[in-house]
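Peer 1: Have a look at this prediction, sequence included:
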Amino acid sequence: MSLWVFIQDQVLGMKWLNELIGELLLSVGVDIYSKMGGSIQFWLYDVIKIFVLLGILIYGISIIESYFPPEKCKKILSRFNGLKANTIAALLGTVTPFCSCSSIPIFIGFTKAGLPLGVTFSFLISSPLVDLGSLVLLTSIFGAEIALLYVLLGLVVAVIGGTVIDKMRMEGYLESLVDENAETRENAWQWIQEHRLEYAKDITLATVKKVFWYVLVGVGIGAFIHNWIPESFIEEVLGSDNYFSVILATVIGIPMYADIFGTIPIAEALYYKGAGLGVVLSFMMGVTALSLPSIVMLRKAVKPKLLTVFIGIVAIGIILTGYFFNFIQNFI
């Protein structure tokens, strides 16, 4: 076994944990080869694995994030223009808030600071869609190649989306907002610079608390799919041979509200039951990038026409990404 395979399977994937849970369940009389026993093993394994990885990842990422307060991000972005600026904004999105609702206040701050509209939208698309945490969790389930491609294509969607919005000259479709909490946030960031470790701990606990029920429910749905839904049904409805499956998964995902950590177990179960790779990733991207609560929040900052353009561009990007993954599924 190569070092990387060991890291992917035993460190990130924690397969040893799955085997340990299976042995423990067998020792107390649970038949892990039955549907119910298999569901219990799947649920315990995924819940423990996700929360262990989540705690470690969020703590580390929060320390990194503490070096990128909004003012510093503004200074970095103001040095660039055009495609470079959109790319830097998308990359900055990978080390900032973990869901679209948390990204929107920063997006508003960027627009009020006078940054180009396309640049701010590249950040807004990238922030919930691709982060370091999702990269590690996706690697633990789907492997490094798929995880890296997911992040790369997510960044491409963010850069292209921001560039298109910039070319459309839609600055007039921003709502007039007064950032009443700007001073409070500035004071908070000054405290963060002096207490990074405490900040990382607080963010980790807050994030775990926020996603706790999403993870439990998401893993529960994943366990049900994994052990109770016939593989033939999944392949017929969500398999890569069904040309409408990617669109269906995206449309289903958009109205939902969940964190990527809650959607990954569902995607994992669907994938191993025969759903197309592009289908499960489109579902994840739809949930994280275009959740209904984030769209409602964004409406307060932008007018309906710009909001419609944003939703349309991101949805098309997600669907094209899904079809791309379905196409290359047999080659990776």
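Peer 2: Received it, and whenever you're ready, just let me know what you need.
Peer 1: How many residues are close by residue 58?
Peer 2: When neighbours are counted by other CB atoms under 10 Å, residue 58 registers 25. From N, CA and C alone the C-beta is placed, and that goes for glycine too.
Peer 1: That one: helix or strand, and which one exactly?
Peer 2: For residue 58, the enclosing helix or strand under DSSP states H and E is helix 35-65.
Peer 1: If you average the pLDDT over that helix, what comes out?
Peer 2: Mean per-residue pLDDT for helix 35-65: 86.
Peer 1: now for the next helix or strand after it, which elements pack on it?
Peer 2: Downstream of helix 35-65, the first helix or strand assigned by DSSP H and E is helix 70-78. Contacts defined by 3 or more CB pairs under 8 Å, 6 or more residues apart in numbering; DSSP states H and E place helix 70-78 against helix 82-93, helix 100-112, helix 182-194.
Peer 1: Turn those helices into JSON lines, including distance to residue 303.
Peer 2: Output for the helices and strands packed on helix 70-78, formatted as JSON lines (distance: least, CB to CB, whole Å):
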{"stretch": "helix 82-93", "distance to residue 303": "21"}
{"stretch": "helix 100-112", "distance to residue 303": "13"}
{"stretch": "helix 182-194", "distance to residue 303": "22"}
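Peer 1: Which one of those lies nearest to residue 242?
Peer 2: Smallest distance to residue 242 across the helices and strands packed on helix 70-78 (CB to CB): 28.2 Å, for helix 100-112.
Peer 1: now the angle from that closest one to helix 82-93?
Peer 2: When axes from the mean of the first three to the mean of the last three CA atoms, to 10 degrees is applied, the directions of helix 100-112 and helix 82-93 differ by 140 degrees.
Peer 1: helices or strands up against helix 100-112?
Peer 2: Contacting helix 100-112 under the criterion 3+ CB pairs under 8 Å, 6+ apart are the following elements: helix 70-78, helix 117-129, helix 182-194, helix 292-299.
Peer 1: Name the surrounding residues that touch the strand or helix carrying residue 310.
Peer 2: Residue 310 is located in helix 304-328, with elements delineated by DSSP H and E. Counting by CB atoms under 8 Å, 6 or more residues apart in numbering, the neighbours of helix 304-328 from elsewhere in the structure are 121, 125, 146, 149-150, 153-154, 156-157, 160-161, 164-165, 168, 170, 173-174, 240, 245-247, 249-250, 254, 276-279, 281-282, 285-286, 289-290, 295, 298-299, 302.
Peer 1: In terms of mean pLDDT, which of the helices and strands packed on helix 70-78 ranks lowest?
Peer 2: helix 182-194 (a mean of 64).
Peer 1: just checking, next helix/strand downstream of it?
Peer 2: Helix 182-194 is succeeded, C-terminally, by helix 196-228 (DSSP H and E).
Peer 1: re the thing from before, select, out of the helices and strands packed on helix 100-112, the one closest to residue 208.
Peer 2: Nearest of those to residue 208, taken as CB to CB: helix 117-129 at 17.5 Å.
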